[in-house]
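Trainee: Following is a predicted model, sequence given first.
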Amino acid sequence: MIDQTLTTPPTAPSSNDIPTFRTRFDAFIAWIVTFVSQLTTVINEINSTASTINDKEESAVYAASAAIASANFQGTWTNQTTVIGQSWEFEGIIYRVLIAGNTSPTVSPLNWASIATASEALLTLINEKAPSSSPALTGTPTAPTPTPGDNSNKIATTAFVQEEGFLKNKALLAEYVVTGSAVTSIDFTGLDINTHKSYRVEISIANATANSSGLYCFINGDTNLTNYYRELVQFDGTTIGANRANNPQIITLQPSSSLSLTSNVQRGDNGYARAINFGNSSNGSSILKEDSTLVKTATVSNITQLTFTTSVVNAIAIGSKIRIYRGDV
């Protein structure tokens, strides 16, 4: 009589799921040890049952059916393949009971020497292919792609890296670099703040003249100074000043100096176009820090154009640049 049952195998390890590989591998090896022991018991019970059947000279077919039924051994162990890794396979254990015609049942025992050799080779291969720490993957292993913006210790796939690079490049909407000769104005058209949500403007300008100049920000091509208000705070190392004016000046460009400024341009919920500006200009040790705010006096339905103009003609020197980044990516 066959009483031994076989334990159902656990989930096999897979290199496609690195976080669970080691745990599943340990569980799978433990199951193999248990399975071999259980299988040995089953074979001994089957051989004992076959001997009893021969002694009683019962029908071979009837005896085989009774032995299999009493073992609760449902189904047939066939070639089972568990994929471990990208390009190598683990051949499962094959168990088969052969019954020939009307003769006594014949049990085909397992080749334990072959199983032992195969097990040792399997363990060696697993250790080579998936060591417990710092595995050196070969071939073309794959992994789930994290979502864009994910800042974690997940594996970064090529798809994730390309998407991150794409989003960063996509954020840079426009760039203008002055070449050839100095200019008075730099104009950006084709904007759509309703879609882009906001604009971050990075300005790096050198003054090509020996005169102090204001840098204006005109919105949607409206160059009428009185259609804007700005408030300005200045720090020059010894004094602090503040003033309000009816113009769109966002910073002062000192004589023969350079400036850096970051401006955040928005269209408020009430429809007013606004800019918040942080910058400084310098000429040697002479540094002027300026922070300002700008608002257009009338509402706008969209912001489609930004124009940066100096109050002094051709004050924007060669090499000066302005970049506009969109706020929705």
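Mentor: In hand now; what should we look at?
Trainee: I figured V265 hits K197, correct?
Mentor: No. With contacts counted by Cβ atoms under 8 Å, V265 stays clear of K197, the gap being 10.5 Å. Any C-beta I mention is one placed from the backbone N, CA and C, and that applies to glycine too.
Trainee: Looking at the two, which is more packed in?
Mentor: Higher neighbour count among V265 and K197: V265, with 23 against 13, using other Cβ atoms under 10 Å.
Trainee: tell me the contacts of that one?
Mentor: V265 is in contact with 193, 198-201, 217, 273-275, 303, 306, counting by Cβ atoms under 8 Å, 6 or more residues apart in numbering.
Trainee: Just to confirm, what's the three-state secondary structure of it?
Mentor: strand (DSSP: H, G, I helix; E, B strand; the rest coil).
Trainee: per-residue pLDDT, S48?
Mentor: S48 is assigned 77 on the pLDDT scale.
Trainee: Does anything pack onto the helix or strand containing D187? Which helices or strands?
Mentor: Taking DSSP states H and E as the definition, D187 sits inside strand 185-188. If contacts are counted by 3 or more Cβ pairs under 8 Å, 6 or more residues apart in numbering; DSSP states H and E, strand 185-188 sits against strand 172-177, strand 306-310, strand 321-326.
Trainee: Please identify the deepest-packed of those.
Mentor: strand 306-310 (a mean of 23; mean count of other Cβ atoms under 10 Å).
Trainee: The longest helix along the chain: which residues count as buried?
Mentor: The residue-count maximum for a helix in the chain (DSSP state H) belongs to helix 18-56. Burial within helix 18-56, assessed by neighbour count using 16 or more other Cβ atoms under 10 Å, is assigned to 21, 24-25, 27-28, 31-32, 35-36, 39, 42-43, 45-46, 49-50, 53.
Trainee: Okay, now the unreliable bits of this protein?
Mentor: Filtered on pLDDT under 70, the chain yields the residue ranges 1-2, 50, 52-137, 148-149, 156-170.
Trainee: That one: helices as residue ranges?
Mentor: Going by DSSP H, the chain shows helices at 18-56, 60-70, 112-129, 158-171, 193-196.
Trainee: Please name the bridge partners of the spatially closest residue to G241 that is not a sequence neighbour.
Mentor: Once flanking residues are discounted, G241 sits nearest to Q234: 4.6 Å by Cβ to Cβ, 6 or more residues apart in numbering. According to DSSP bridges, the partner residues bridging Q234 are G241, E290.
Trainee: For Q234, grab the count of nearby residues.
Mentor: 17.
Trainee: thought it was touching I251?
Mentor: No. Judged on Cβ under 8 Å, Q234 makes no contact with I251 at a distance of 9.6 Å.
Trainee: Kindly point out which residues are neighbours of both of these two.
Mentor: Contact criterion Cβ under 8 Å, 6+ apart; residues shared by Q234 and I251: E290.
Trainee: sorry, back to before: please name the strands paired to the strand holding D187 in the sheet, noting orientation.
Mentor: With DSSP bridges as the test, strand 185-188 pairs up with strand 306-310 (antiparallel).
Trainee: other SSEs contacting the longest helix of the chain?
Mentor: By 3+ Cβ pairs under 8 Å, 6+ apart, helix 18-56 packs against helix 60-70, strand 106-107, helix 112-129.
Trainee: hmm, 10 Å instead?
Mentor: Counting by 3 or more Cβ pairs under 10 Å, 6 or more residues apart in numbering; DSSP states H and E, the packing neighbours recorded for helix 18-56 are helix 60-70, strand 97-98, strand 106-107, helix 112-129.
Trainee: residues near G268, how many?
Mentor: Quick note: G268 (other Cβ under 10 Å) scores 10 neighbours.
Trainee: Equivalent analysis for K289, please.
Mentor: Count around K289 with other Cβ under 10 Å applied: 16.
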